[in-house]
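Visitor: Fold the following and give me the result.
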Amino acid sequence: MSQYKTLFTKPYLSGKEKEYISKALDKKQLSGNGTYTKKCQNFFEERYKIKKALLTTSCTDALEMASLLLEIKPGDEVIMPSYTFVSTANAFVLRGAKIIFCDSRADHPGMDEDKIEDLITAKTKAIIPVHYAGMACDMEKIMSLAEKHSLFVVEDAAQAIENYYTFSNGEKKALGSIGHLATFSFHETKNISCGEGGLLAINDERFISRAEILWEKGTNRASFYRGEVNKYGWVDLGSSFLPSEYTAAFLWAQLEELEDIQRKRIELWNFYHQKLSQKEIFFQMPTLVPYSGNNAHIYYIIMNSLAHRDKLIESFKEQHILAVFHYQSLHKSKYFLSQKGEQVSLPNCERYSDQLLRLPLFYDLTEGEQLRIIEVLLKESN
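Guide: The predicted structure follows:
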């Protein structure tokens, strides 16, 4: 039994997950690309104006598909934040890419868009913005840079479902629908979950046909099922990226409740923000930028030092509350240093690695629990 009375996160269940999994079993659609897979993919295509959506077994797999679609090869350079999960880098390292890490913004853990252009060389192939905490990177600026230098953009939207970017002309687009490609996560820690799962969003039509082939283990089976060819075979690289129909059925039960889930999470996020804004605080609260909405994926604070953060974590633990830090900077990781052999200084990123703390945030979190969390947090200022 957990020592914590208030967990950091807890998966939401709609109550229909078992029902839909049973229906998939009754239809004898088990291996994927059945009714529920199509429902989930259509949801993303219609709601977010994505040209083609493909469910994957994880966001990691979606990123690996993106790397294959961009034909990343040894010697290519890919620019991404260091403050991100290792999958963002791994997907491109597996194809031989050299990762060029960009520092975070001073006011937000997302990559500093003003530092990207100085990192671009003749070898640069792609930019991978990560929408940390669901908050948008400046996609207008990034897409402009990509067009100027003939680069691809892959949005790592793992945390960014149901958030939007507002362009300078007032147009709004869903995060994940702007870059040439994008990836989403449905890990159990995300707003919408199926335990483990992901999705590749294809916004550039030239990648659609090949994406279906990679998705189907390198075969043109999708074309066969549509009656476009009379048999299918091995025509390209590929892997087993397609999840089972059970996974899709579970995910569909969650997507049906997306608006309610988001309503509740935003209420919880706003409660933290409003209560803490009324106090004299000793930490930095999340920065809201004018071009981004807020999908309430994470409520984080940034402490004054590593020691102060560690002390606060212990104070929460004493009250049986689980609050956790987040990414360790990839540019300081054992693997990166062993491969690259040189130190890189990214001070903002290192500050977030040492000082950022995430507070509990999940659908079933109660007001009483939030008030207790805030009470423990504010005691540290005395």
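Visitor: for this protein, what are the low-confidence residue spans?
Guide: 1-2, 224-225, 227, 340-341, 381-382 (pLDDT under 70).
Visitor: after the longest helix belonging to it comes which helix or strand?
Guide: The single longest helix within the chain, with elements called by DSSP state H, is helix 258-277. Sequence-wise, the next helix or strand downstream of helix 258-277 (DSSP states H and E) is strand 299-302.
Visitor: which helices and strands sit right next to that next one?
Guide: Applying 3 or more C-beta pairs under 8 Å, 6 or more residues apart in numbering; DSSP states H and E, we find strand 299-302 packed against helix 258-277, helix 347-355, strand 356-359. For every residue, glycine as well, the C-beta is placed using N, CA and C.
Visitor: pull the CA atoms of stretch 97-104 into PDB?
Guide: Taking C-alpha atoms only, stretch 97-104 is exported to PDB below (Å, rounded to 0.1, in the frame of the first residue of the first chain):
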ATOM      1  CA  ALA A  97      21.500  11.900 -36.100                       C
ATOM      2  CA  LYS A  98      23.700  14.300 -34.100                       C
ATOM      3  CA  ILE A  99      21.500  16.000 -31.500                       C
ATOM      4  CA  ILE A 100      22.000  19.700 -31.100                       C
ATOM      5  CA  PHE A 101      20.500  20.800 -27.800                       C
ATOM      6  CA  CYS A 102      18.800  24.200 -27.400                       C
ATOM      7  CA  ASP A 103      18.500  25.900 -24.000                       C
ATOM      8  CA  SER A 104      15.200  26.600 -22.400                       C
END
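Visitor: returning to that earlier point: off-centre distance for the longest helix of the chain?
Guide: 19 Å (C-alpha atoms, centre = their mean, to the nearest Å).
Visitor: Can you point out the buried residues in that helix?
Guide: 258, 261-262, 264-265, 268-269, 271-273, 275-276 (16 or more other C-beta atoms under 10 Å).
Visitor: Was I right to think Tyr363 contacts Gln262?
Guide: No. Applying C-beta atoms under 8 Å, one finds Tyr363 not in contact with Gln262, separated by 9.9 Å.
Visitor: re the thing from before, kindly reformat the buried residues of helix 258-277 as CSV containing distance to Leu145.
Guide: As requested, these are arranged in CSV below (distance: C-beta to C-beta, whole Å):
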residue, distance to Leu145
Leu258, 32
Ile261, 34
Gln262, 31
Lys264, 37
Arg265, 32
Leu268, 35
Trp269, 30
Phe271, 37
Tyr272, 34
His273, 32
Lys275, 39
Leu276, 35
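Visitor: who are the neighbours in contact with Ser329?
Guide: 82-83, 346, 349-350, 353 (C-beta atoms under 8 Å, 6 or more residues apart in numbering).
Visitor: which one of the residues you listed is nearest Gln29?
Guide: Tyr83 (40.1 Å; C-beta to C-beta).
Visitor: Let me know whether that closest one touches Ser353 as I believe.
Guide: Yes. In this structure, Tyr83 is within contact of Ser353 by C-beta under 8 Å, at 6.7 Å.
Visitor: How about the contacts made by Asn42?
Guide: Contacts for Asn42 were tallied using C-beta under 8 Å, 6+ apart; they are Ala53.
Visitor: Can I take it that it is in a strand?
Guide: No. Secondary structure of Asn42 (DSSP: H, G, I helix; E, B strand; the rest coil): helix, not part of a strand.
Visitor: Now do the helices in this structure.
Guide: Secondary structure of the chain, counting by DSSP H: helices at 17-26, 35-48, 59-69, 86-93, 139-149, 208-215, 221-225, 245-255, 258-277, 306-318, 334-340, 347-355, 367-379.
Visitor: Mind listing what's buried along the second one?
Guide: Buried residues in helix 35-48, counted by 16+ other C-beta under 10 Å: 35-37, 39-41, 43-45, 48.
Visitor: Spatially central, which residue of this structure would that be?
Guide: With distances taken as C-alpha atoms, centre = their mean, the residue of the chain nearest its centroid is Ala158 (1.5 Å).
Visitor: For the closest residue to it other than its chain neighbours, name its beta-bridge partners.
Guide: Nearest residue to Ala158, sequence neighbours excluded (C-beta to C-beta, 6 or more residues apart in numbering): Ser185, at 3.7 Å. Ser185 has the following beta-bridge partners by DSSP bridges: Gly198.
Visitor: and Ser185, what is it in contact with?
Guide: 58-59, 158-159, 197-198.
Visitor: Format these as CSV; extra columns: distance to Arg309.
Guide: Below are the contacts of Ser185 laid out as CSV (distance: C-beta to C-beta, whole Å):
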residue, distance to Arg309
Ser58, 29
Cys59, 27
Ala158, 24
Gln159, 21
Gly197, 31
Gly198, 30
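Visitor: so which of those residues would you say is closest to Lys317?
Guide: Using C-beta to C-beta, the contacts of Ser185 come closest to Lys317 at Gln159, 25.0 Å.
Visitor: can you tell me how far the closest one sits from Asn203?
Guide: As judged by C-beta to C-beta, to the nearest Å, Gln159 and Asn203 stand 19 Å apart.
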